[in-house]
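>>> Fold the following.
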Amino acid sequence: MSGPVIEPLDLAALLCSRVCHDLISPVGAIVNGLEVLAEEKDEETKTFALELIKKSAGTASAKLQFCRIAFGAAGSAGAQIDLGDAQAISRGFLEDDKTKLAWNLPRALVAKNRVKLLLNMLLLAAQSIPRGGQLTVDALGAGDTMGFKISAAGLNAKIPPAVPPLLAAESIEGLDAHRIQPFYTGMLARACGLGVSMTLDGEIVVVATK
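Numbers count the residues shown, from 1 in each chain. The predicted model follows:
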């Protein structure tokens with residue numbers, strides 16, 4: 001199945017909009033913090049502003065590193081990416097006080113598009129537990145044909161109803177900067193000769209290649 005066709009320029013624009021959406025909040029916080037530093041004389045307020053800038057800069061950096069591989073070129077055509085590096089940027093991007101990541105993949109060089117697929121699957125899984133929880137990443141198979149299974153366990157874990165048809169590329173109607181990510185995940189899976197599903201196993205959301 002090749003799925004409906006989206007114009008390359010439209011795909012590029014929607015992916016760029018998605019990345020910008022992720023970065024607006026931490027960058028805006030940095031700007032606000034700098035404004036406070038420039039205007040305030042109270043030392044306690046300045047200390048708070050510096051902490052805000054430091055935290056927001058770290059968040060922006062983590063998001064950029066993640067997006068560089070998940071959506072960007074990340075090397076030449078045919079390049080491979082170390083799963084250890086993918087683990088590091090995933091922890092930096094996803095882990096916090098509410099969400100923890102269990103990474104059960106071997107350290108290995110894997111084709112770039114498969115790693116991009118893995119990171120986008122992680123995004124889908126994380127979005128299914130907005131209140132936080134546990135993300136567990138397991139391998140399906142090994143070597144060049146390795147696939148992935150991501151389990152998301154958290155309070156009120158659920159699958160957004162729009163996501164499965166987007167993954168399957170059943171339609172591109174209403175495609176926007178929010179919906180482009182699951183659609184792009186399906187595109188990556190098909191480029192790897194795979195499919196990807198998002199299902200509910202009891203109270204756990206499972207995103208897996210097939």
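>>> Give me the buried positions along stretch 161-175.
The neighbour-count check on stretch 161-175 (16 or more other CB atoms under 10 Å) flags 163-164, 166-169, 172, 175 as buried. Yep, even glycine has a C-beta here, placed from its N, CA and C like the rest.
>>> Pick out the lowest-pLDDT one from those residues.
Among the buried residues of stretch 161-175, residue 172 carries the weakest pLDDT, at 84.
>>> Three-state assignment for that one, please.
Recorded secondary structure, residue 172: coil (DSSP: H, G, I helix; E, B strand; the rest coil).
>>> Could you do the one 3 residues further on as well?
Following three-state DSSP, we place residue 175 in the coil state.
>>> So it sits against residue 15, correct?
No - Residue 175 is beyond contact range of residue 15, at 11.3 Å (criterion: CB atoms under 8 Å).
>>> Residue 62: how many residues sit nearby?
When neighbours are counted by other CB atoms under 10 Å, residue 62 registers 18.
>>> correct me, but it touches residue 90?
No - checked against CB under 8 Å, the pair residue 62 and residue 90 is beyond contact range at 9.6 Å.
>>> so which of the buried residues of stretch 161-175 comes closest to residue 107?
Taking CB to CB as the measure, residue 107 lies nearest residue 167 of these, at 28.1 Å.
>>> For that closest one, give me phi and psi.
phi -60, psi -40 (degrees, to the nearest 10).
>>> now the strands for the protein?
80-82, 99-104, 109-111, 133-140, 147-154, 196-201, 204-209 (DSSP state E).
>>> Run me through the strand neighbours of the last one, direction for each.
According to DSSP bridges, strand 204-209 has the following sheet partners: strand 147-154 (antiparallel), strand 196-201 (antiparallel).
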